[in-house]
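Engineer: this is a predicted model, with the sequence first.
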Amino acid sequence: MKIKYFLAVYSLFAMMVISVQARAVPAFARSQGIECGGCHTAFPSLNSFGRNYKTRGYRLVNASKDTTVTDFTTKINQLPIAAAIISRPYTKDKSGNSEIRAIHEVEVFMGGVFYRNLSGLVVLEAEGEDGFGNVLATAVLNYDVNNALNVQIAYAPTFFADPYDTLSSARRLTAAHYNVLNDKFGKTDNDDKLRHSRQQVSLFGRFLNDRLFYNAGVGGLTGDNVANQSTVGFGRLAFDISPSLMVGAFGLSGKCDITTESDFVSDCGVDATGNVATSDRNFSRYGVDTQLDFGSVRLTGVYLSAEDDLVNSNSSETNVDYYAQAVYYGNVGGHLIAPLVRFQSSEVNDGKDVTKGYVAGVSYYFLENFKGSIEYGSDTSVPSGETESSNFTLQLHAAF
């Protein structure tokens, strides 16, 4: 046990020393000559300026007004390349199991304006659970016409084009994922999660003086690398009632087609008794969300209703997930500090089994691009016959 605590403390100290010595502003901010705080309320969550920067294809101005003329080679050589290291030097769950993930995850980012109207992002990700194998987490290519019209082809999470934080797992401030993005519901979407990538083609942009954001597209099942046969349609609207208040709606609908093609076999789910789906299954996910900045507080919330055809049946089941989160952006000794609390509820089995819980934590920013977090999450109620779970996590997140 003493060795575990020593390694945890050593990992924390080593990461602090490395980051302080580098004192690096991440490559994306460096390429634009701005600080991290220019785009981030608290890294990695975005502020209003950062949301516009993302929607414009990583530009400071509307693509139609960008008069910069450069040759292709020059533009490619100027592309920012960034990296992030996530360490979880100590985790412990309610059963007493503990882990030391000195290096939990490594990410490499390359993106920006490729050439004229072309922009994009590539993210390579290696996690301990996968043996640190190289994984293409996200690949996006945009053709940016203007603020109102952008064409995106991507292997990315469904609502990747969305610049708000409510539906973005990548921009969460906690180690724990949002339940609405992490639950599989009826397991019809290739038995996978909404936060994972899918092949997709979509349009996105802003209207009404940039107050209304839209995103509409088609794609394959989550995790289906070739989008074979099964098709999903999705859409997203987000309206800025004011610069600090957004209300939105989103949805997707699709079918999991049973196929025996050699390059991909659809996983259309297994029921509680172990019966494997042998017929096509329809599914949908619809919801509403909001994001409010009130002084130094950000409030976010999502309500999602999921409907899935039952395995080998003409009936369907409906389950509802929701979360509500509050973050306070404070200052201690000139350093940003961000305590938060999130309450969430998840349903399975046609809403009959409900799990409720919370996540509470605090992040301290040693630098704009380097933070340490302490987090505790616990169930407050679980279905009959199940045991409540909890988890304590120390996490370090550095971006260069």
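Structural biologist: Okay, I see it.
Engineer: for the rest of this, base every contact and every neighbour count on C-alpha atoms.
Structural biologist: OK.
Engineer: so where's this structure uncertain?
Structural biologist: Along the chain, the parts satisfying pLDDT under 70 run over 1-33, 61-78, 134, 229, 259-266, 271-273.
Engineer: ends of stretch 225-232, how far apart?
Structural biologist: By CA to CA, to the nearest Å, the extent of stretch 225-232 from end to end equals 14 Å.
Engineer: distance from it to the middle of the chain?
Structural biologist: 21 Å (CA atoms, centre = their mean, to the nearest Å).
Engineer: and if you look at stretch 226-235?
Structural biologist: Counting by CA atoms, centre = their mean, stretch 226-235 is centred 20 Å from the centre of its parent chain.
Engineer: pull out the buried residues from it.
Structural biologist: Ala227, Asn228, Gln229, Ser230, Thr231, Val232, Gly233, Phe234, Gly235 (16 or more other CA atoms under 10 Å).
Engineer: from those residues, which single one is nearest Phe185?
Structural biologist: Checking the buried residues of stretch 226-235 against Phe185 by CA to CA gives Val232 as the nearest, at 16.3 Å.
Engineer: roughly how far does that closest one sit from Leu292?
Structural biologist: Separation of Val232 from Leu292 (CA to CA): 30 Å.
Engineer: now Val348
Structural biologist: For Val348, the distance to Leu292 equals 29 Å [CA to CA].
Engineer: and if you look at Asn146?
Structural biologist: Using CA to CA, Asn146 is found at 27 Å from Leu292.
Engineer: which neighbouring elements make contact with the lengthiest strand in the chain?
Structural biologist: For the chain, the strand with the greatest residue count under DSSP state E is strand 98-115. Counting contacts by 3 or more CA pairs under 8 Å, 6 or more residues apart in numbering; DSSP states H and E, strand 98-115 is packed against helix 2-22, helix 72-77, strand 81-93, strand 118-127.
Engineer: give the contact list for the residue nearest to Leu396 when sequence neighbours are not counted.
Structural biologist: Using CA to CA, 6 or more residues apart in numbering and skipping residues adjacent in sequence, the residue nearest Leu396 is Gly372, 4.5 Å away. By CA atoms under 8 Å, 6 or more residues apart in numbering, the residues touching Gly372 are Ser363, Tyr364, Tyr365, Phe366, Leu394, Gln395, Leu396, His397.
Engineer: any idea which element Gly372 lies in?
Structural biologist: Here Gly372, judged by DSSP states H and E, is contained in strand 370-381.
Engineer: angle of that strand against strand 81-93?
Structural biologist: Counting by axes from the mean of the first three to the mean of the last three CA atoms, to 10 degrees, strand 370-381 lies at 40 degrees to strand 81-93.
Engineer: give me the sheet partners of strand 370-381 and which way each runs.
Structural biologist: According to DSSP bridges, strand 370-381 forms sheet pairs with strand 353-367 (antiparallel), strand 390-399 (antiparallel).
Engineer: buried stuff in it?
Structural biologist: Of the residues in strand 370-381, those buried (16+ other CA under 10 Å) are Phe370, Lys371, Gly372, Ser373, Ile374, Glu375, Tyr376, Gly377, Ser378, Asp379.
Engineer: hmm, Val106 is touching Ala126, no?
Structural biologist: Yes. Look at Val106 against Ala126 with CA atoms under 8 Å: they come within range, at 5.3 Å.
Engineer: what sits against the spatially closest residue to Gly254 that is not a sequence neighbour?
Structural biologist: What sits nearest to Gly254 in space, not counting adjacent residues and going by CA to CA, 6+ apart, is Val232, at 4.2 Å. The neighbourhood of Val232, defined by CA under 8 Å, 6+ apart, consists of Val218, Gly219, Gly220, Leu221, Leu252, Ser253, Gly254, Lys255.
Engineer: narrow those residues to those in strands?
Structural biologist: Judged by DSSP E, the contacts of Val232 include Val218, Gly219, Leu252, Ser253, Gly254, Lys255 as members of strands.
Engineer: can you report phi and psi for the residue nearest to the spatial centre of the chain?
Structural biologist: Centroid check for the chain by CA atoms, centre = their mean gives Ser169 as the closest residue, at 1.9 Å. Dihedral angles of Ser169 (phi, psi; degrees, to the nearest 10) stand at phi -70, psi -30.
Engineer: same check on Phe49?
Structural biologist: Per degrees, to the nearest 10, the backbone of Phe49 is at phi -60, psi -40.
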